[in-house]
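In: Here is my input, please return the structure:
(2 chains)
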2 protein chains.
Amino acid sequence: MWPTNEATKRLHVQWPIVQAPMAGGVTTPELVAAVSNAGGLGSLGAGYMSGEQIRSAVRAIRQLTDKPFAVNLFIPEEITGDTRPGENVRRLMNEARRRLGIPEDPDVGRFAEPFEEQMAAVLEEEVPVFSFTFGILEERWMTELKRRGVTVIGTATTVREGVALEASGVDMVVAQGSEAGGHRGSFLPDSPDNLVGLMALVPQLADRLSVPVIAAGGIMDGRGIAAALALGAEAVQVGTAFLVCTESGAHPLHKQAILEAGDDQTALTTAFSGKPARGVCNRFMREMAPYRDEVPPYPVQNALTRDIRQAAAKQRERDYLSIWAGQGVGLSRQMDASALMRRLVEETEQAMARFAGRS
Amino acid sequence: MWPTNEATKRLHVQWPIVQAPMAGGVTTPELVAAVSNAGGLGSLGAGYMSGEQIRSAVRAIRQLTDKPFAVNLFIPEEITGDTRPGENVRRLMNEARRRLGIPEDPDVGRFAEPFEEQMAAVLEEEVPVFSFTFGILEERWMTELKRRGVTVIGTATTVREGVALEASGVDMVVAQGSEAGGHRGSFLPDSPDNLVGLMALVPQLADRLSVPVIAAGGIMDGRGIAAALALGAEAVQVGTAFLVCTESGAHPLHKQAILEAGDDQTALTTAFSGKPARGVCNRFMREMAPYRDEVPPYPVQNALTRDIRQAAAKQRERDYLSIWAGQGVGLSRQMDASALMRRLVEETEQAMARFAGRS
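Out: Residues are numbered from 1 along each chain as shown, chains lettered A, B, ... in the order given. Sure, this is the predicted structure:
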């Protein structure tokens, strides 16, 4: 299981460590390549990128590494019904805009990049690994990916989602625990209270699936990796710990907020995108919390807050940034990605050696 | 660390496995003694018991074992302001009473057993281990316990709570993850979203505390125990897995519901007691969910629903039982407690041996 197992074989990597796909500019080609060059699997979070942007990022990655890497996309959702924000949500967004000095009620253009164009880029560039979140991949895409020998990874937050993903033909399933930062990958109609922690999710999923399980959520160091493997995972996916790395494209305030935060300072919010996501709590999240019912669905709300987030980033205004982060924030450490990879491997071996002396 | 470590030394047990204190009749003297006799630490969940009931239960345990065991109490809370339920809550409780054929708006008597009397019993019976939830123990009690050589365990759901507990003088801290069944032990004013998963909580707490950490929440088998130890815990506390054991006093419908449930079928509710607690979702939890703001605080709501829960138990009516359970439900197995203890120890050793061959 360490270092070689079914997951490392299928991914053609030395270590069962996947750098999580974090959309919105975090996963620069430099970060992805550094992780892959260090023997892990770097992932490009391409959910918000156009086909053209994906092509150019993949080419930039290939300039920097000849090792395998992953590209991640969001499964698109049908938008139905009234998608206008409620009065309170509109008011709070315009208050934010006034504070940032940008126009109120702007035109947002299109809500999301066309999935067809994104998939065309993934297929044409023949990326080694394709991962996706927010649903099940249509059969036609799965067939095309398999024909090209691409390893396909889906994302589950419950056993039922994992079973549905395996039935759809994925090669591996990411078990995303409630600890995870950023967007919840949930796609089956679960109650909002349905936040299964990784400690409970991994063994239940491993017992039900025949494909390898990749544990994600709150894993920040070798203790977490050893724990995930003990639970029955064959690999881990690590986000927050890589987000603060030198090569990450996250905003400096985003990195700083994570390095300073404690375990009880993150919360789930739909305020920024319309989908529940975990981040370090700030003013916009607190103000919007009472009006969850008035927030339009993803990707509408995501498009509606884009100008706010962009202005906040420019003006270094932490109150209106989406500071995605997992509950392991208190364990974050700043270094470059190859140093972090070495540290993770060493720490995992140390955690295993502590057991070896005792069993 | 396995089997002997700081936790097993202080608890005088063979294995670092604590059977969680589950109040409300689950932790019979037979269950507590069976776990202690098998080398773990049985715990009496005495939060709802009178001083006299605690005395008689402790004596019954001592008839069955000469090994150490724990008694657990709830730290009492000041009740202030209006404690009447809101109109919707009152209506839904009376609807439940009509369905169960019991009188509406009954007199509830006192809300909780007097803590002074409970503590007097704990001290006079000189229990070997005392654990508590929902707060910090007053200094006078801590002094009395220490004078008698009692090992004292507090319960934390965040790092800040763990730090406060260590400062108060506890010998160990239970790290209760969001996965855990039954009542959340939270006592600092955190946001309701603040549900830290065990994978994130244990290493952050272990890094900050000098006393041993006991991991609790979603641990159902040896994989979970090995994972908790890898994360930095020195022991585990296991609830749901013992609740379905032969010796447990849980209602047969409660055991059955756990044995049948999956990872995505539990939820947090304040409906039964006024405090957030995790259980298998049923009609009463679903009906009450929209009216959380109208539920009076613990222990008021707990007293107000007592007649409903008692009638539901008698009539075998699952819709109105509090079916406390953790998110690991899908891993539950019915056997007697000594067989479960043997199984947990064997599985943990197997999980460790898998590592030993690899590091």
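
In: all strands for the stretch 251-359 of chain A, in order.
Out: A:266-269, A:277-280 (DSSP state E, counting those that start in this stretch).

In: so where is the stretch 1-150 of chain A shaky, pLDDT-wise?
Out: For the stretch 1-150 of chain A, residues meeting the criterion pLDDT under 70 lie at A:1.

In: repeat that with 90
Out: A:1-4, A:77-83, A:108-112 (pLDDT under 90).

In: Save the strands of the stretch 251-359 of chain A as TSV, and put in mean neighbour count too.
Out: Just so you know, the C-beta spots here come from the backbone N, C-alpha and C atoms, and that holds for glycine as well. As requested, the strands of the stretch 251-359 of chain A are arranged in TSV below (neighbours: other C-beta atoms under 10 Å in any protein chain shown):
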stretch	mean neighbour count
strand A:266-269	24
strand A:277-280	24
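
In: Among those, single out whichever gets nearest to A:Glu6.
Out: strand A:277-280 (29.1 Å; C-beta to C-beta).

In: wait, A:Arg278 sits on A:Thr266?
Out: Yes. Taking C-beta atoms under 8 Å as the definition, A:Arg278 is a contact partner of A:Thr266 at 5.2 Å.

In: that older thread, what's the closest of the strands of the stretch 251-359 of chain A to chain B?
Out: When those are compared by C-beta to the nearest C-beta, strand A:266-269 sits nearest chain B, at 4.1 Å.

In: Using CSV, write down the CA coordinates of the closest one.
Out: The C-alpha trace of strand A:266-269 is given here as CSV (Å, rounded to 0.1, in the frame of the first residue of the first chain):
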residue,chain,number,x,y,z
THR,A,266,-14.1,27.8,8.6
ALA,A,267,-17.7,27.5,7.6
LEU,A,268,-19.8,26.3,4.7
THR,A,269,-21.4,29.0,2.6
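
In: Quick check: neighbours shared by A:Arg278 and A:Thr266?
Out: Taking C-beta atoms under 8 Å, 6 or more residues apart in numbering or on different chains as the criterion, A:Arg278 and A:Thr266 both touch A:181, A:325-327.

In: can you pick the most crowded of these?
Out: Among the shared contacts of A:Arg278 and A:Thr266, A:Gln327 has the most neighbours (other C-beta atoms under 10 Å in any protein chain shown), with 37 neighbours.

In: With B:Gly177 as the reference, measure out to that residue.
Out: 10 Å (C-beta to C-beta, to the nearest Å).

In: any chance of the strands of the stretch 251-359 of chain A in TSV, plus mean pLDDT?
Out: Formatted as TSV, these follow (pLDDT from 0 to 100):
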stretch	mean pLDDT
strand A:266-269	96
strand A:277-280	97
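
In: so which of these gets nearest B:Pro21?
Out: With C-beta to C-beta as the measure, strand A:266-269 is the member of the strands of the stretch 251-359 of chain A nearest B:Pro21 (29.0 Å).

In: Give me the residues contacting the closest one.
Out: A:181, A:184, A:195, A:276-281, A:285, A:288-289, A:325-327, A:329, B:191, B:193-194.

In: what lines up beside it in the sheet?
Out: If you go by DSSP bridges, strand A:266-269 pairs up with strand A:277-280 (antiparallel).

In: Pull the strand it pairs with out as PDB, backbone CA atoms only.
Out: What follows is strand A:277-280 as a C-alpha-only set of coordinates in PDB (Å, rounded to 0.1, in the frame of the first residue of the first chain):
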ATOM      1  CA  ALA A 277     -18.300  25.500  -0.100                       C
ATOM      2  CA  ARG A 278     -16.000  25.700   2.900                       C
ATOM      3  CA  GLY A 279     -13.800  28.700   3.600                       C
ATOM      4  CA  VAL A 280     -12.400  30.900   6.300                       C
END
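
In: How far off centre is that strand?
Out: Put simply, strand A:277-280 sits 11 Å off its chain's centre (C-alpha atoms, centre = their mean, to the nearest Å).

In: A:Val150 versus the residue nearest to A:Met142 when sequence neighbours are not counted, what's the distance?
Out: Nearest residue to A:Met142 in three dimensions, chain neighbours excluded: A:Gly169, at 5.0 Å (C-beta to C-beta, 6 or more residues apart in numbering or on different chains). Between A:Gly169 and A:Val150 the computed distance is 12 Å (C-beta to C-beta).

In: circling back: of all the strands of the stretch 251-359 of chain A, which lies closest to B:Thr27?
Out: Among these, strand A:266-269 sits nearest to B:Thr27 (C-beta to C-beta), with 33.4 Å.
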